[in-house]
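Asker: Provided below for reference: sequence and predicted model.
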Amino acid sequence: MMSHRRHAARMPRMLAAVLLSLSSFAAYNVHAASACVPGPNDRPETVMQGGLSLAERTVPGGFQGQWCGAHEVGNNLLLNESGLPRGSFGDVQLFGHCAYASMRDPSNLALESTGTAVLDVRVPSNPVWVRTLRTPAMQRAYSAFEIQKNVMISAFKDFGPSGNNWFDVYELGADCLNPTFRSTSTTASGNHDGWLTPDTNTYYGIPFGGQTIQQNPARIDVHVLDTTDKAHPVQLLNWNRNQLPAEVRDRLVPTRNFHDVSTNDDGTRLYLDLYGGNNALGGFPADGSGRCANGLLIMDSSDVALRRPNPQLHFISFTSWCDPQNDPAYHYFDPDFGDGSTAAAHATEYVIHENGKRYVLTTDESAAGLDGDWSVICRQRTFGRLIDISDETHPRVVSTFKPDVGKPENCTRIMTEQINGGMIHYIGFDDRYNMRLVFYAGANYGLRVVDYRDPANPKEIAYYKAPNVATTREGENDFTRPDPRYDAANCMIYTGWNQGGLRIIELTNPEYNGCMRRAVNGGGTLGGSGKNQVSFGLQAARADGGRGELAGSFELNDRDADVKIHIDTLTLLGSVRDACGTILPTVNAVQMNGTGTYNNAPASFRVCVQDSGQGGDIKADRVFVTCTDGCTYTKEGEPAGGNIEVVQRP
């Protein structure tokens, strides 16, 4: 249904058409064409995958949000000094128990809230904005904001030569709430996007806008810094497409910009998205009359990675996905994408699939998609692609993810029913080196989670569209913008909405949320001696290897306080997300919510446990229990006897 092979999508679409023809009522109540199965607490889309009806956008209080297979764990609106959302979300990065949220286009640089917010996310349900980094580049880093290992960089975003293309370097340590500032310098050109190599020693910056290469043959398309000495970055080289082989250069020259960049793990390959849309109806026109050239450029960057004298970038291949339909030899032509005139290639990420193959993920963007309005949404086609680079001289588009609201066959309905849409825009994933899930920040249609277990047949398994906030304009919905980041320790997705601040999202199906597959058992005593000891025991797990029904229990007997707790019904088992004393959301901890009795009276509880992972040495094991309804009781401590075991099941 979401592959570039259209015949594979016809059967479900034909079935949907039959169902819709049965009654006019069905047209407004059928579930969206998504593989996500709504759960009891979901609020699914009603009109179309990725679509939002006029009625849903204009309810009192504004759009109330929609979700399936995912829910919000925590949110910080990032309110400014006036108590309003500061808006203009740039990018988000994670390190330890900290999240960092940059800005795109701040309207007032003098405000103390303008800059990169540092948030304490030790309690994911309550992320706390601790401070704001306000060095020159941190004030408006946008997407040129990266963390590799313990190094965080930001580079000033601009739309052309600014005179001061700021570049900031910080180092992160155990106290990630207080990054160590190392340097501010300037780069050779702008930094609409950028990339820090995994070894932290090289930065690639991508300018945007400014003079075309026809106007200025010396225009910079990519600039490179040596960041080995974090206190003194050094310019290595500048590159533009005039250095490509003639036949490739001529194809790429009419396009104004590249847009995004990433590398492989050792930094010897560079992956560049060419922003090659042509005549995008007010969106992103290319200069001149050349044909569309959206595509992936692969360059050999070994000279840079190995610090060879006089380093150069060397051409390997260029793959475009918008050649004319009358070119029968063109393997990548997609009739839904057409001639590529409505969109431009936007983001690129290098990944290794769980099957061991190397791929590049890409997305598109368009002015119509960013607006999302029903009256213009059909003027664009923006999709997500998975590109096999096993043979890097001949990359192959394996599949294309296409939400229904972006498909041309739905345009009549979109216009008739005034259905707002969005676009594939930014990318995240669960594991760069063992990828299965991809997270698309889909502008007006929210966070879309896609399962690429079968690379040729991606399927959407969850989505989350945030509710409006105070500054969302009437009749619209807030949109998500940054690359979503995944924290494997707590199986949560960190992303942002332009007005709605930082949002932490969790998948609700244990097939896709490994933290829900954890099992826990154990017991022991807490403090005291003899009859004054607090004894406890617990066990909890899902059936079918962690993917089935949840069952478990918890018992506690506090003789000194005359308290007996019995939990026999569990409502949650997964990563720690709420306040649990000193227990943090790590790989060896779980949270259990449930109901039972407190001294034989009905009550509800939260229990968190931490496994030291040291077998019989239980010094670091920890248990926390608190009554959440029907009583007042909290106890935390390290067991003086027994053991707690948390097991991560595959």
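Answerer: In hand now; what should we look at?

Asker: In the chain, where is pLDDT below threshold?
Answerer: 1-33, 158-163, 278-291, 323-332, 528-530, 614-619 (pLDDT under 70).

Asker: can you list the domains in it?
Answerer: Structurally, the chain divides into domains by automatic domain parsing as follows: 10-507, 514-647.

Asker: Any chance of JSON lines for those domains, columns mean neighbour count?
Answerer: Heads up, the C-betas are built off the backbone N, CA and C, glycines and all. Shown next, in JSON lines, are those (neighbours: other CB atoms under 10 Å):
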{"stretch": "domain 10-507", "mean neighbour count": "20"}
{"stretch": "domain 514-647", "mean neighbour count": "18"}
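
Asker: Which strands or helices does whichever strand or helix holds V118 pack on?
Answerer: Element membership of V118 [criterion: DSSP states H and E] is strand 116-120. Contact partners of strand 116-120 among helices and strands, from 3 or more CB pairs under 8 Å, 6 or more residues apart in numbering; DSSP states H and E: strand 98-103, strand 128-133.

Asker: Run the chain-centre distance for that strand.
Answerer: Once both centres are worked out by CA atoms, centre = their mean, to the nearest Å, strand 116-120 turns out to sit 17 Å from its chain's centre.

Asker: Describe which strands that strand pairs with in its sheet and in which direction.
Answerer: Strand 116-120 has the following sheet partners, assigned by DSSP bridges: strand 98-103 (antiparallel), strand 128-133 (antiparallel).

Asker: mind checking the SS state of E247?
Answerer: helix (DSSP: H, G, I helix; E, B strand; the rest coil).

Asker: Look at stretch 469-486 and report the distance between its end residues.
Answerer: End-to-end distance for stretch 469-486: 24 Å, by CA to CA, to the nearest Å.

Asker: Can you show me the helices along the stretch 201-350 of the chain?
Answerer: 246-252, 302-305 (DSSP state H, counting those that start in this stretch).

Asker: and M103, which of the ones you listed is closest to it?
Answerer: helix 302-305 (29.7 Å; CB to CB).

Asker: Centre-most residue in this protein?
Answerer: Centroid check for the chain by CA atoms, centre = their mean gives P484 as the closest residue, at 1.3 Å.

Asker: now the helices: where do they sit in the stretch 351-500 of the chain?
Answerer: Remark: helices assigned in the stretch 351-500 of the chain by DSSP H, counting those that start in this stretch are 367-371, 411-417.

Asker: looking at the ones you listed, which is closest to A293?
Answerer: Of all those, helix 367-371 comes closest under CB to CB, at 18.2 Å.

Asker: Just the CA atoms of the closest one, as CSV, please.
Answerer: Only the C-alpha atoms of helix 367-371 are listed here, as CSV (Å, rounded to 0.1, in the frame of the first residue of the first chain):
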residue,chain,number,x,y,z
ALA,A,367,5.7,24.9,0.3
ALA,A,368,2.3,23.4,-0.1
GLY,A,369,3.1,20.7,2.3
LEU,A,370,4.4,23.0,5.0
ASP,A,371,1.2,25.0,4.7
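
Asker: Pipe the helices and strands packed on strand 116-120 into a markdown table and attach distance to I644 per row.
Answerer: Listed next are these as a markdown table, based on distance: least, CB to CB, whole Å:
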| stretch | distance to I644 |
| --- | --- |
| strand 98-103 | 27 |
| strand 128-133 | 28 |
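
Asker: so what's A218 up against?
Answerer: Neighbour list for A218: N240 [criterion: CB atoms under 8 Å, 6 or more residues apart in numbering].

Asker: quick one: it and F156, what's the gap?
Answerer: To F156, A218 is 21 Å away according to CB to CB, to the nearest Å.

Asker: is the closest residue to I461 other than its chain neighbours in a bridge, and if so with what?
Answerer: Excluding the flanking residues, the one nearest I461 by CB to CB, 6 or more residues apart in numbering is D451, at 4.8 Å. In this entry, D451 is beta-bridged to L437, K459, by DSSP bridges.

Asker: which one of the helices and strands packed on strand 116-120 lies closest to V520?
Answerer: strand 98-103 (26.6 Å).

Asker: ok, back up a step: please identify the one among the helices and strands packed on strand 116-120 that comes closest to M152.
Answerer: Closest of those to M152 is strand 98-103, at 7.0 Å (criterion: CB to CB).

Asker: coming back round to it: surely the residue nearest to the centre of the chain touches D430?
Answerer: No. Contact criterion CB atoms under 8 Å: P484 and D430 do not qualify, at 10.1 Å.

Asker: who touches both of these two?
Answerer: Counting by CB under 8 Å, 6+ apart, the residues touching both P484 and D430 are F439.

Asker: Break down the stretch 501-650 of the chain into its strands, ranges please.
Answerer: Ranges of strands within the stretch 501-650 of the chain are 501-507, 519-526, 534-542, 550-558, 563-574, 589-598, 601-610, 622-629, 634-637, 641-647, based on DSSP state E, counting those that start in this stretch.

Asker: measure the residue nearest to I461 to Y426 for me?
Answerer: To Y426, D451 is 18 Å away according to CB to CB.

Asker: Kindly report the same for V47.
Answerer: On the measure of CB to CB, V47 and Y426 end up 24 Å apart.

Asker: ok, now N126?
Answerer: As judged by CB to CB, N126 and Y426 stand 25 Å apart.

Asker: How about H353?
Answerer: From H353 across to Y426, the span is 20 Å (CB to CB).

Asker: before we move on, what about R432?
Answerer: 15 Å.

Asker: now do D562
Answerer: Distance of D562 to Y426, given as CB to CB: 55 Å.

Asker: Please apply the same query to C627.
Answerer: 41 Å.

Asker: next one: C292
Answerer: In this view, C292 and Y426 are 22 Å apart by CB to CB.

Asker: quick one, what contacts the closest residue to the residue nearest to the centre of the chain other than its chain neighbours?
Answerer: Sequence neighbours aside, G428 is the residue nearest to P484 in space, at 3.4 Å (criterion: CB to CB, 6+ apart). By CB under 8 Å, 6+ apart, G428 lies in contact with 438-441, 483-486, 493, 495.

Asker: Chain neighbours aside, what residue packs nearest to A174?
Answerer: G96 (7.8 Å).

Asker: nope, V151 is what I was after
Answerer: Per CB to CB, 6+ apart, closest to V151 is T200, 4.2 Å.

Asker: May I ask you to confirm that the one you found is in contact with Q148?
Answerer: Yes. If you go by CB under 8 Å, T200 and Q148 touch, sitting 4.9 Å apart.

Asker: shared neighbours of these two, which are they?
Answerer: By CB under 8 Å, 6+ apart, no residue touches both T200 and Q148.

Asker: hmm, back to that, the residue nearest to I461 touches K459, doesn't it?
Answerer: Yes. The pair D451 / K459 is scored as a contact, 5.2 Å apart, by CB under 8 Å.

Asker: Name the residues contacting each of the two.
Answerer: Residues touching both D451 and K459 (CB under 8 Å, 6+ apart) are A35.
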